[in-house]
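[1] sequence and predicted model, in that order:
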Amino acid sequence: MENNRGSWNSNIGFLLAAIGSAVGLGNIWGFPYKMGRSGGFTFLLVYIFLAVFVGLIIMASELALGRKTRKAPIAAYKAVSSKYSWLGWLAVISPFLIMTFYSVLGGYCIYYIIINIIGLFGGMPDGSSFGVMLTSIPASVGVLLAFMAICFIIVAGGVSGGIEKFNKVGMPALFVMLVIIIIRALTLPNAVEGLKFMFVPGYAVRGGFIEEAPSLITILGDAGGQMFFSLSLAMGAMITYGSYLSKEENLVKNSGIIVFADTLVALLAGIAVIPAAVANGINNGIPVSEISLGGPKLLFVTLQDVFHNMGALGGVFGIIFFLLVLLAAISSAISLMEVLSAHFIDKAAEEGREISRKSVVLKVSVVITIIGALVAADGLGSNGFAPVDLLKNEMAGWNDCWLDFFDCWSEGIMMPLGAMLMALMIGGEIGPKVMLDEIHNGEHSPFFSRFYRFCVIYIVPAVMCLVLAGQLTGFFGNQIVSYIISAVCFIIFTYHTLIPDWKKLGQEGNE
Ligand code: PFF
C-alpha cells in the first residue's frame, strides 16, 4: 500500500517544494513587519541565531521523523513514541487552523492583483482599497473561493504531479519577481533610510522609527514565533514532505539549504518592502515614526500606497508584487493541505480501504473553505461578528477578529508547545541517537551529532519555553502570567520526560 502515497521525483524537486512551503506570507509580510516592530537589526541577529540553533535542529528532526516512519504526523508520532503519541494531533489541527485564515490572505492577494490590473486603465487604487475589500463580504469570500480552487487543483494532482511540478516553476518565478521589486524599491529616493533601519545597529531608535528598543525577551518571543512559522515547523508539513523523501538523500544538507533559502528570501523581502515603505513615507512628508511598518496594514495599505504614488508604472509593479505574494501563499498553502490529505490517505491505506486522492483533497478543501468563509466575511473584525463583538468584551489580541482567534490557537499555542514537546521527546524519551541514525543514514558526522545533541537537549526546549511565553504575551497581554504558564508547562513536561530517562541519556552520551 505504501507506494500509493507518492514520492518526490528528485531531490531538487523536494527542495523546491520544501522551500516553497517555508517561503510564504510569513517571509514577505510577517518578517518585514515583525522586524519593523521589533527594532530592526537586533531582531535580525536574534532571528539568525534561532534559525541555526533551533530551526535547523527541528527541521532535520521533522524530516527524519517523516522519512523514518514513512507516515503522516499522527501515525508518525505513534510509531516512535508512547508518551507523546498524541503530539501528532497538534501537528494536524494546527495546519487546519492556519489554513482557515491563510486561504483568506491568499484570496486578498488575488483581489489586489485584480484591482491593480483595473488600475492600469485609469484610477490607480491606493491603500484605502483595503477597507473597501474588508467590508465587501461577496468580494472577500469570492477571492477565497478562487484561492482554494487553485490549491485544490495542485494538491489533487499528487506529490510529484501537482506539488513538485508547481514549485519547480513557481519558486524560480517568485525569485525573479522579488529581484525586480527590490531593484524598483532601492531606486526610490530616500530608500537608503529603510536600509539603515534594517542593517545599522541601533538605527531604529536613533533614526526615530521607534521610541525605545523592545527588551531582548520580547524580541526572542517575536523572532522565535516568526522563525517557526516561516520555516513551516511544528505543523506537520516537514514530517509529511520528509515521508516522501528517498533514503539516499542527505538530511543535514537538505535542512541547511531549506533554512538558508527561507532566511535569504525573508531578508530579500525585507529589502524590498521596508525601504519602499520608508522612502514613500519620507517623500510624502510623513514623519518616520508614523510610517506603518508594523502590523497587517504593511502589505495591503502601505505598499499599495507606494504603488499608487509611483506614477504610470505603479500598476505594473503592483501586479508583479502581489503575484509574487500569491505564489508564495499558494506554495505554502498546498503544504498545509497535503498534511491533512496525507493523514486521510494513509489512514485508508492502513485500513485497507480504496480511496481516491482527489476526493480526499476535495473534502479537505470544502471544510477549510467553509470555516475560511467565516474569517473572510469577518473582514478582520470589520463586519460586526468578530469574537469580541459576540463576547461583548475586549480581551487583548486574541479575540479582535476570527483571524486572530485561529492564529492564537495555532501559531500562538500549539506551535511552540508542539516544538518544545518534540525536543523533549527526542532528547528524553526516544533519545537523539535514534533521530541521528535516520538523519545521517549510515555515515555519521561527529560534529553535527554533537551539535544536534546539545541543541535538542538544552537549547531547543529552553528557547521554546521563551517563545511560548512571548506568543502568549502577544495574544493575551499579561507578560507575568504568560511566563508563569509557560514555565509550568516546561516543568511538568520536563519532569514527565527527562527525569525517568536521565540514566539512559547518560549512557547514550558515553557510547
Ligand atoms: N511558512 C509559511 C510562511 O512563512 O508563510 C507558513 C506555513 C506553511 C506554516 C506551512 C506552516 C506550514 F506547515
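    Great, that's in hand.
[2] right, and the helix or strand after the lengthiest helix in the chain?
    In the chain, with assignment by DSSP state H, the single longest helix is helix 314-350. Next helix or strand after helix 314-350 toward the C-terminus (DSSP states H and E): helix 357-378.
[3] so which elements touch the helix or strand where Lys34 lies?
    With secondary structure defined by DSSP H and E, Lys34 is part of helix 31-37. Counting contacts by 3 or more Cβ pairs under 8 Å, 6 or more residues apart in numbering; DSSP states H and E, helix 31-37 is packed against helix 41-50, helix 216-230, helix 251-283. Bear in mind the C-beta positions are built from the backbone N, C-alpha and C, glycine included.
[4] near the ligand at all, it?
    No. Helix 31-37 does not reach the ligand (Cβ under 6 Å from any ligand atom); its nearest approach is 8.1 Å.
[5] tally of neighbours for the nearest residue to Glu164 once chain neighbours are set aside?
    Using Cβ to Cβ, 6 or more residues apart in numbering and skipping residues adjacent in sequence, the residue nearest Glu164 is Gly13, 4.1 Å away. Using other Cβ atoms under 10 Å, Gly13 has 19 neighbouring residues.
[6] helix or strand for Gly13, just tell me which one.
    Using DSSP H and E, the element containing Gly13 is helix 11-22.
[7] who's in contact with that helix?
    Under the contact criterion Cβ atoms under 8 Å, 6 or more residues apart in numbering, helix 11-22 has outside partners 8, 160, 163-164, 166-168, 170-171, 230-232, 237-238, 241, 244-246, 249, 254, 257-258, 261-262, 265, 331-332, 334-335.
[8] also stretch 144-163?
    Counting by Cβ under 8 Å, 6+ apart, 5-9, 13, 17, 103-104, 106-107, 109-110, 165-166, 244, 329-330, 333-335, 337-338, 341, 357-358, 361-362, 365, 368-369, 372-373, 376 sit against stretch 144-163.
[9] pull out the buried residues from those.
    Neighbour counting by 16 or more other Cβ atoms under 10 Å classes 5-8, 13, 17, 103-104, 106-107, 109-110, 165-166, 244, 329-330, 333-335, 337-338, 341, 357, 361, 365, 368-369, 372-373, 376 among those as buried.
[10] show me which residues of stretch 427-444 are buried.
    Under the neighbour-count criterion of 16+ other Cβ under 10 Å, stretch 427-444 has 427-436, 438-441 buried.
[11] okay if I get the helices and strands packed on helix 31-37 as TSV plus distance to the ligand and mean pLDDT?
    Output for the helices and strands packed on helix 31-37, formatted as TSV (distance: least, Cβ to the nearest ligand atom, whole Å; pLDDT from 0 to 100):
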stretch	distance to the ligand	mean pLDDT
helix 41-50	13	92
helix 216-230	4	87
helix 251-283	7	95
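[12] dump those into JSON lines; add mean neighbour count as well.
    Shown next, in JSON lines, are the helices and strands packed on helix 31-37 (neighbours: other Cβ atoms under 10 Å):
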{"stretch": "helix 41-50", "mean neighbour count": "20"}
{"stretch": "helix 216-230", "mean neighbour count": "23"}
{"stretch": "helix 251-283", "mean neighbour count": "22"}
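[13] now distance to Ile459 too, for these, in JSON lines please.
    Converted to JSON lines, the helices and strands packed on helix 31-37 look like this (distance: least, Cβ to Cβ, whole Å):
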{"stretch": "helix 41-50", "distance to Ile459": "9"}
{"stretch": "helix 216-230", "distance to Ile459": "12"}
{"stretch": "helix 251-283", "distance to Ile459": "15"}
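[14] distance of the residue nearest to Glu164 relative to Ser246?
    Between Gly13 and Ser246 the distance, using Cβ to Cβ, to the nearest Å, works out to 11 Å.
[15] just to revisit the earlier point, among the contacts of stretch 144-163, which ones lie close to the ligand?
    Okay, of those touching the ligand (Cβ under 6 Å from any ligand atom), that's Ser335.
[16] show me the shaky parts of the stretch 1-150 of the chain.
    Applying pLDDT under 70 to the stretch 1-150 of the chain picks out residues 1-4.
[17] please redo it, this time with the cut-off set to 80
    1-4, 36-37, 39 (pLDDT under 80).
[18] what residues does it put near the ligand?
    So the stretch 1-150 of the chain meets the ligand at 21-22, 24-27, 95, 98 (Cβ under 6 Å from any ligand atom).
[19] next, format the residues you listed as TSV and append neighbour count.
    Formatted as TSV, those follow (neighbours: other Cβ under 10 Å):
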residue	neighbour count
Ser21	27
Ala22	29
Gly24	28
Leu25	23
Gly26	26
Asn27	27
Pro95	28
Ile98	26
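[20] between those residues, which is closest to Gly418?
    Pro95 (11.0 Å; Cβ to Cβ).
[21] which residues sit in contact with that closest one?
    Contacts of Pro95 were listed using Cβ under 8 Å, 6+ apart, and they are 235-237, 336, 339-340, 410.
[22] which SSE is it in?
    Using DSSP H and E, the element containing Pro95 is helix 87-119.
[23] between that helix and helix 357-378, how big is the angle?
    Computed by axes from the mean of the first three to the mean of the last three Cα atoms, to 10 degrees, the angle separating helix 87-119 from helix 357-378 equals 70 degrees.
[24] checking Ala60 next. Helix, strand or coil?
    The three-state assignment at Ala60 reads helix, by DSSP: H, G, I helix; E, B strand; the rest coil.
[25] which ones are touching it?
    Neighbour list for Ala60: 251-252, 255, 435, 439, 452 [criterion: Cβ under 8 Å, 6+ apart].
[26] contact partners for the nearest residue to it once chain neighbours are set aside?
    Of all residues not flanking Ala60 in the chain, Ser255 sits nearest, at 4.2 Å (Cβ to Cβ, 6+ apart). By Cβ under 8 Å, 6+ apart, the contact list for Ser255 reads 56, 59-60, 63.
[27] now the helices for the stretch 351-500 of the chain?
    357-378, 387-391, 402-407, 415-424, 432-440, 446-454, 460-476, 479-510 (DSSP state H, counting those that start in this stretch).
[28] just want the angle from the fifth one to helix 446-454.
    Taking the same axes, to 10 degrees, one finds helix 432-440 and helix 446-454 inclined to each other by 140 degrees.
[29] got the CA coordinates for helix 432-440 in CSV?
    The C-alpha trace of helix 432-440 is given here as CSV (Å, rounded to 0.1, in the frame of the first residue of the first chain):
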residue,chain,number,x,y,z
PRO,A,432,18.8,11.7,20.0
LYS,A,433,20.7,8.7,18.6
VAL,A,434,17.5,7.3,17.0
MET,A,435,17.0,10.5,15.2
LEU,A,436,20.6,10.9,14.3
ASP,A,437,20.7,7.5,12.8
GLU,A,438,18.0,8.5,10.4
ILE,A,439,19.4,11.9,9.8
HIS,A,440,22.8,10.5,8.8
